[in-house]
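Visitor: Sequence isn't available, so here's the structure alone:
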């Protein structure tokens, strides 16, 4: 089957680690289907660029509403590529907005990743005024959310029968490395240093643990506008030597951090899915997170804690509980459960089934072929 993915989020040479969950979905789809990606670069100008990424053709289309020529060129390219496709697949919400003029031309699947659809109040006053635009999600033939929480919200704007959950792909290294369990409690966090992830609360949690007599170290992988605030807070709380900011690391670097850790901590205020937490579980590390978000689909008392009370003491106690408390799965059990649920082939099969259902629902649909699995 020929699948045209139109997305406003995709890694590039200048931002290679951007939104990795989108190309993971694309690679999963490509296990069974011929995929082409149109990356609509919102508020960008310049030439159209073509390249191969992960063996998949990618066309990058500048799209700036104040430069009508870029909009016309992008729409011409979408129409041209769509004419040769069996299925249109958009991700995330802004891509659905861009593709609205093409509704009805091909079977349309939309996947939602954006937390602005889930929690508009956390994405600024301007979006809150326009969040009613989520009603356009009734237009695609099917809408998928990456978590149960996301799907519950999507069903407010799209017919419930059109909505289903297909999770993110969770990458992982082969095997499971036992946690160090040394004299120092090694905590790892992976995420942007911004208010939604609440890295300042993570620093305060480290301080609470240190004051309680624990030798503890937090390594945070990620960048963001709160980096200096985090360093300042660590200095003020007397734990500057216990908090390390690594910046952005590639997949191998993250896997190395997880292998060297005892526990994953991310006190987010809300998460759409949280691939980083799922990857920690896939590495056999227990997870401590805030209680709101898609992580509720896979974090449970045997592999982590979801903390309602947003205080350093509550998060600190949860860290100690998952590291030394009873009733926790061993690392291999944690890893096996998450890998079997969110592996690339499992997600690939779900999208294959969904495409066939959507296409078969169109009258006179041609017979479709499936590419053999590359696994």
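Guide: Here it is on my side, so go on. Just so we're clear, the structure is a prediction, and the values are computed from it rather than from any experiment.

Visitor: And residue 119, how far from residue 134?
Guide: 12 Å (Cβ to Cβ, to the nearest Å). Just so you know, the C-beta spots here come from the backbone N, C-alpha and C atoms, and that holds for glycine as well.

Visitor: what does the helix or strand that contains residue 76 rub up against?
Guide: Using DSSP states H and E, residue 76 maps to helix 68-82. Residues from elsewhere that reach helix 68-82 (Cβ atoms under 8 Å, 6 or more residues apart in numbering): 4, 6, 36, 38, 40, 44-45, 48, 59, 61-65, 88, 98-99, 101-102, 105-106.

Visitor: Over to stretch 234-254?
Guide: By Cβ under 8 Å, 6+ apart, the list of residues contacting stretch 234-254 from outside reads 16-17, 20, 171, 190, 193, 203-204, 206-207, 210, 216-223, 227, 230-231, 257, 276, 279.

Visitor: chain center to that stretch, what's the gap?
Guide: Averaged C-alpha coordinates place stretch 234-254 at 22 Å from its chain's average position (Cα atoms, centre = their mean, to the nearest Å).

Visitor: quick one: average confidence on it?
Guide: Average pLDDT, stretch 234-254: 95.

Visitor: Can you tell me which of the contacts of helix 68-82 are buried?
Guide: With neighbours counted using 16 or more other Cβ atoms under 10 Å, the contacts of helix 68-82 contain these buried positions: 4, 6, 36, 38, 40, 59, 61-64, 88, 98-99, 102, 106.

Visitor: Using the three-state scheme, assign residue 329.
Guide: Three-state call for residue 329 (DSSP: H, G, I helix; E, B strand; the rest coil): coil.

Visitor: Not including adjacent chain positions, what is the nearest residue to it?
Guide: residue 302 (4.8 Å; Cβ to Cβ, 6 or more residues apart in numbering).

Visitor: Residue 114 too?
Guide: In space, and not counting its chain neighbours, residue 114 is closest to residue 92: 4.2 Å by Cβ to Cβ, 6+ apart.

Visitor: can you check residue 27 too?
Guide: residue 54 (5.6 Å).

Visitor: what about the one you found, how many neighbours?
Guide: 13 (other Cβ atoms under 10 Å).

Visitor: can you check residue 215 too?
Guide: 12.

Visitor: do the same with residue 299
Guide: With other Cβ under 10 Å as criterion, residue 299 counts 25.

Visitor: Check the protein for its longest helix and report it.
Guide: helix 344-360 (DSSP state H).

Visitor: for the record, mean pLDDT for that helix?
Guide: Helix 344-360 comes out with an average pLDDT of 96.

Visitor: and what of stretch 311-325?
Guide: The model assigns stretch 311-325 a mean pLDDT of 95.

Visitor: List the buried residues for that stretch?
Guide: Those would be 312, 314, 315, 316, 317, 318, 319, 320, 321, 322, 323, for stretch 311-325 by 16+ other Cβ under 10 Å.

Visitor: Spell out the residue ranges of the helices in the stretch 51-200 of the chain.
Guide: For the stretch 51-200 of the chain, the helices defined by DSSP state H, counting those that start in this stretch cover 68-82, 93-99, 115-118, 124-130, 148-154, 199-211.

Visitor: In terms of secondary structure, what does the third one contact?
Guide: It stands for helix 115-118. helix 148-154 (3 or more Cβ pairs under 8 Å, 6 or more residues apart in numbering; DSSP states H and E).

Visitor: contact partners of the helix it packs on?
Guide: 112, 117-118, 137, 143-145, 163-165, 272-273, 293-294, 296-297.

Visitor: Recalculate using a threshold of 6 Å.
Guide: Helix 148-154 is touched from outside by 118, 143, 145, 163, 165, 272, 294, 297, with contacts defined as Cβ atoms under 6 Å, 6 or more residues apart in numbering.

Visitor: ok, which pair from those is furthest apart?
Guide: 143 and 297 (17.2 Å; Cβ to Cβ).

Visitor: and stretch 70-89, what's its mean pLDDT?
Guide: Throughout stretch 70-89, pLDDT has a mean value of 98.

Visitor: Between its first and last residues, how far does stretch 164-173 reach?
Guide: One end of stretch 164-173 sits 29 Å from the other (Cα to Cα, to the nearest Å).

Visitor: Show me how the record splits this protein into domains.
Guide: Following automatic domain parsing, one finds the domains of the chain at 2-169+343-360, 185-337.

Visitor: Export those domains to TSV and append columns for distance to residue 175.
Guide: Output for the domains of the chain, formatted as TSV (distance: least, Cβ to Cβ, whole Å):
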stretch	distance to residue 175
domain 2-169+343-360	15
domain 185-337	9
